[in-house]
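Engineer: My questions concern the predicted model and sequence given below.
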Amino acid sequence: MLGSIIGDIVGSIYEFNNIKTKSFPFFSNEMEFTDDSILTLATADWLLHKEKEIAYYYADYAIKFPTPMGSYGTGFIQWRDHFARLGFAEPYNSCGNGSAMRIGPVGWAFDTLEETLEAAKQSAECTHNHPEGIKGAQAVATAIFMSRKGYSKEEIRQEIVKRFAYQLDFTCEGIRSTYGWGGTCQDSVPQAIVAFLDGHNFEDCIRNAISIGGDSDTIGCITGAMAEAFHGIPLVIREKGISYLPAEFKQLVTEFEARFGNRII
C-alpha cells in the first residue's frame, strides 16, 4: 500500500502546477502527503480492524485530518460534515476518482479476485456509488491483485479491457501534450493504468503518471499502488517516502504490511 502514498507525495506539488516531462526531482522538501494518502490509510485501517462500516473510517480520518495539502473534494467535504453532525451520511452518486485513489490496500488483502471486487465495491459505494465510481475502484484493485499473483502486464491489460471496458490503446507519450484535468474515474483511471503498464519499474511508472499532467497526486497515487504490486519499491525510495509520514501513519503502514505483505526490492 505504500506505493499509493509515494505516488501521492511525488505528485502533490504538481496537481495545480502540471509538469509535462518525466525529468523532475522525484522527492523534494515541498512535497507532502495529501487527502489521497489519508483516505488510503483509512482503507488500510478498515481492512485491519473492521470494527465499524467502511464509511466510518473515511469520515473519521477526514475529521481527524481536516486540512491536508490540496484539501478534499467538495462533495466529500459535505459528506464528511454531515457524518460528523449525524453519525451517518448517504453516498452522493459521485464518479470522481476519489474511489480509485484510496483503493490500494484492498488489492493486497484478499486471496481471490471475487473477494477483492466485493471489497472494492464496498469501499467505493459508501460515497462514490455512481457505476463509474465503483468501476474505477474495482479496476485498480483488479490490477493490484493480478500483479500480486504474478500475471503479466499484457494479461492485466486484457483483463481490464474485457471486464471494465476501459480503452487502453494509447500511451503516455501519445497523450502527454494534450491531456488535461481528469477528476472523474473515467477520465483518470485509464490514464493511471496506462502509466503503470508503460512503466519499466516503480519509479518510471510514477514518472509516467506525473508527466501526463491532470490530477497529478491522484494519478500518481493510483499508479503507485499498481506499480508497487508489480515491480516492488526500491528500499531507498521506500525509506524516503515513508519519512514524510507522522509516526501514527508509519505504524499503520507497518501493521498493514506485516499482515498483508508488500514488495520491497
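Structural biologist: Sure, I can see it. Numbers count the residues shown, from 1 in each chain.

Engineer: Excluding chain neighbours, what is closest to residue 226?
Structural biologist: Nearest non-adjacent residue to residue 226, counting by CB to CB, 6 or more residues apart in numbering: residue 196, 4.2 Å away. For the C-beta atoms, the positions are set from N, CA and C on the backbone; glycine is no exception.

Engineer: contacting residues for that neighbour?
Structural biologist: Residues in contact with residue 196 (CB atoms under 8 Å, 6 or more residues apart in numbering) are 143, 153, 205, 208, 209, 223, 226, 227, 230.

Engineer: Of those residues, which is the nearest to residue 45?
Structural biologist: If you rank the contacts of residue 196 by distance to residue 45 using CB to CB, residue 226 comes first, at 21.3 Å.

Engineer: ok, that closest one touching residue 142?
Structural biologist: No - taking contacts as CB atoms under 8 Å, residue 226 lies outside contact range of residue 142: 9.7 Å.

Engineer: Now for those two: what residues contact both?
Structural biologist: Here residue 226 and residue 142 have residue 107 as joint contacts, going by CB under 8 Å, 6+ apart.

Engineer: more crowded one of those two?
Structural biologist: residue 226 (32 against 24; other CB atoms under 10 Å).

Engineer: just checking, what packs against the helix or strand harbouring the more buried one?
Structural biologist: In this structure, residue 226 is located in helix 216-231 according to DSSP states H and E. Using 3 or more CB pairs under 8 Å, 6 or more residues apart in numbering; DSSP states H and E as the contact criterion, the elements in contact with helix 216-231 are helix 2-11, helix 35-49, helix 98-101, helix 131-148, helix 185-198, helix 202-211.

Engineer: Of those helices, which is nearest residue 264?
Structural biologist: helix 2-11 (8.9 Å).

Engineer: Mean confidence (pLDDT) on the closest one, please.
Structural biologist: The pLDDT scores in helix 2-11 average 98.
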